[in-house]
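Trainee: Here is my input, please return the structure:
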Amino acid sequence: MTEQTVLISGAGVAGPTLAYWLARAGYRPTVVERAAGLRSSGSPVDVRGPASRVADRMGITAKLREASTSATALNFVDDAGRRTGRIPMRLLGADGDIELPRTDLAAILHDAAREHAEFVFHDSITELHEDAGGVDVTFERGAPRRFDLVIGADGLHSAVRRLAFGPEQAFVEHVGVYIATLPLAGPPSGATAIEMYNSPGRAVAVHPSRGHGIAAFMFRGDAVPGFDHRDTELHRRMLEEAYEGAGWRVPELLEQVRTADDLYLDSVSRVRMDHWSKGRIVLAGDAASCVSLFGDGSTLAMAGAHTLAEELGRTPEDPAAAFRRYETAHRKLVEPKQRAVSTAAALLIPATRGGLAARNFGTRLLPIVSAARRLVPARAA
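Mentor: Numbers count the residues shown, from 1 in each chain. Sure, this is the predicted structure:
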């Protein structure tokens, strides 16, 4: 059988992982990315569990560890910067977990895939026309092309999902929280702990990353009519309103927000769909099942991309069957994470002063609970 062509929209985490594994399965992948190059925004992300196994098989684990962040603990602080609670990072993950900046993860995955795939930056898909033999694709800048398969790995605001399945509002559910991230100016701080400040319904964290900090703003809020995730001026106004009167370092951080050219802000959302595929078109990563902010999105993106490529390699003559097997397997990982979003939001962004006090008290018990679990053997199954 002749080598099949696959167009992957999105060069974030799922896209390059797909390109790498599809090439190994005998496909000829092309990755198209709207941005002019690899993106630099976003909070540190985790590679854990099934994604760790994918990274090992790709031979990139050592590079991921070299790029890992320096955070050792999550400290909760009050208006004056006094610590009110602390969670050692070792209690938040398992042995083998790796936290690293999202931009570094994307770059490492791109480096692993670029010799096996065509990458086209600064372009995007504008039309899809599918028939029994393939998909005709129109691009914003490039000439039209035809592919055997199209995969939307283009995130929460997926163009492929919109063109093939319908408008975004039919599938994207705002969960009542917004998040903004901003790389901090200035020299490396030398800090090794994440510091998080809370007041009811809002939080600000400063992550040391790898010396050059990243600020993350997380706040509760209703869906904003006509919200545009690319409208930076709207984002500045939303942050100013949400954090009016906040203490700790927030006024200083808002000064940087006012002049930053790499501010990112978006809704924390769930993507819910009955099916992730339609004919020769399928969705992966956040485009299919976003659990943004709290749900191990990068881990799920890598794991799902590997599963999709593996299933397509099993039955290249029957992509519809491969898509069904991929979806059945990957939903088992995704759905528990989607159900846990509200619990995670309650931990990081308590809505009331009572909730804040309970959360801070709970963090003081975590080391005791963890130690007890290590001392008491688990019962045999």
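Trainee: need the contact list for residue 5.
Mentor: 27-30, 146-149 (CB atoms under 8 Å, 6 or more residues apart in numbering). For the C-beta atoms, the positions are set from N, CA and C on the backbone; glycine is no exception.
Trainee: Please disregard the earlier target; I meant residue 200.
Mentor: Contacts for residue 200 (CB under 8 Å, 6+ apart) come out as 350-353, 355-356.
Trainee: Likewise for residue 81?
Mentor: Applying CB under 8 Å, 6+ apart, one finds that residue 81 lies in contact with 195, 248-249.
Trainee: circling back to that earlier point, quick one: which of the contacts of residue 5 has the most company?
Mentor: residue 29 (27 neighbours; other CB atoms under 10 Å).
Trainee: Go ahead and confirm that one touches residue 22.
Mentor: Yes. Applying CB atoms under 8 Å, one finds residue 29 in contact with residue 22, separated by 4.7 Å.
Trainee: Now do the shared contacts for those two.
Mentor: Common contacts of residue 29 and residue 22 (CB under 8 Å, 6+ apart): 6, 8, 117.
Trainee: As JSON lines, those residues with secondary structure would be great.
Mentor: What follows is those, written out as JSON lines (DSSP: H, G, I helix; E, B strand; the rest coil):
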{"residue": "6", "secondary structure": "strand"}
{"residue": "8", "secondary structure": "strand"}
{"residue": "117", "secondary structure": "coil"}
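Trainee: same question for stretch 331-346, mean pLDDT?
Mentor: The average pLDDT for stretch 331-346 rounds to 83.
Trainee: What mean pLDDT does the helix or strand where residue 309 lies get?
Mentor: Using DSSP states H and E, residue 309 sits within helix 297-314. For helix 297-314, mean pLDDT is 96.
Trainee: From residue 63, how far out is residue 24?
Mentor: 18 Å (CB to CB, to the nearest Å).
Trainee: what does residue 81 give?
Mentor: Distance from residue 81 to residue 63, by CB to CB: 36 Å.
Trainee: just residue 34 next, same as before
Mentor: From residue 34 to residue 63 the distance is 26 Å (CB to CB).
Trainee: Okay, now the unreliable bits of the chain?
Mentor: Along the chain, the parts satisfying pLDDT under 70 run over 1-2, 40-42, 91-95, 187-190, 211, 292-295, 364-381.
Trainee: Just list the residues touching the most centrally placed residue in it, thanks.
Mentor: Centroid check for the chain by CA atoms, centre = their mean gives residue 297 as the closest residue, at 4.0 Å. Residue 297 makes contact with 13, 45, 285-286, 290-291, according to CB under 8 Å, 6+ apart.
Trainee: Those residues in strands, which ones?
Mentor: In this view, the contacts of residue 297 that belong to strands under DSSP state E are residue 45.
Trainee: Including neighbour count and distance to residue 98, could the contacts of residue 297 go into JSON lines?
Mentor: Converted to JSON lines, those look like this (neighbours: other CB atoms under 10 Å; distance: CB to CB, whole Å):
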{"residue": "13", "neighbour count": "29", "distance to residue 98": "13"}
{"residue": "45", "neighbour count": "23", "distance to residue 98": "9"}
{"residue": "285", "neighbour count": "31", "distance to residue 98": "18"}
{"residue": "286", "neighbour count": "29", "distance to residue 98": "20"}
{"residue": "290", "neighbour count": "27", "distance to residue 98": "22"}
{"residue": "291", "neighbour count": "24", "distance to residue 98": "19"}
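Trainee: mind listing which of the contacts of residue 297 are in helices?
Mentor: residue 286 (DSSP state H).
Trainee: from the contacts of residue 297, which is closest to residue 128?
Mentor: Residue 128 lies nearest to residue 285 out of those, by CB to CB, at 18.0 Å.
Trainee: check contacts around the residue nearest to that closest one when sequence neighbours are not counted.
Mentor: Nearest residue to residue 285, sequence neighbours excluded (CB to CB, 6 or more residues apart in numbering): residue 14, at 3.2 Å. Going by CB under 8 Å, 6+ apart, residue 14 touches 153, 284-287, 301-302, 304-305.
Trainee: Quick check: the farthest pair among those?
Mentor: 287 and 302 (14.4 Å).
Trainee: Am I right that residue 309 is in contact with residue 26?
Mentor: No. The pair residue 309 / residue 26 is not scored as a contact, 10.3 Å apart, by CB under 8 Å.
Trainee: between the two, which one's more packed in?
Mentor: Comparing residue 309 with residue 26 by other CB under 10 Å, the one with more neighbours is residue 309, at 26 against 13.
Trainee: gap between the residue nearest to that one when sequence neighbours are not counted and residue 54?
Mentor: Leaving aside its sequence neighbours, residue 309 sits nearest to residue 21 (CB to CB, 6+ apart; 3.4 Å). As judged by CB to CB, residue 21 and residue 54 stand 8 Å apart.
Trainee: quick revisit: so for the helix holding residue 309, what gets flagged as buried?
Mentor: By neighbour count, with 16 or more other CB atoms under 10 Å as the criterion, the buried positions of helix 297-314 are 297-312.
Trainee: Tell me who's in contact with residue 175.
Mentor: 267-270, 341-342, 345.
Trainee: swap that for residue 329, sorry
Mentor: Residues near residue 329 by CB under 8 Å, 6+ apart: 307, 311.
Trainee: Assign it to helix, strand or coil.
Mentor: Per three-state DSSP, residue 329 ends up helix.
Trainee: Tell me where the stretch 201-350 of the chain has helices.
Mentor: 232-242, 250-259, 286-289, 297-314, 319-339, 341-348 (DSSP state H, counting those that start in this stretch).
Trainee: what's the most buried one of the ones you listed?
Mentor: Highest mean neighbour count among those (mean count of other CB atoms under 10 Å): helix 286-289, with a mean of 29.
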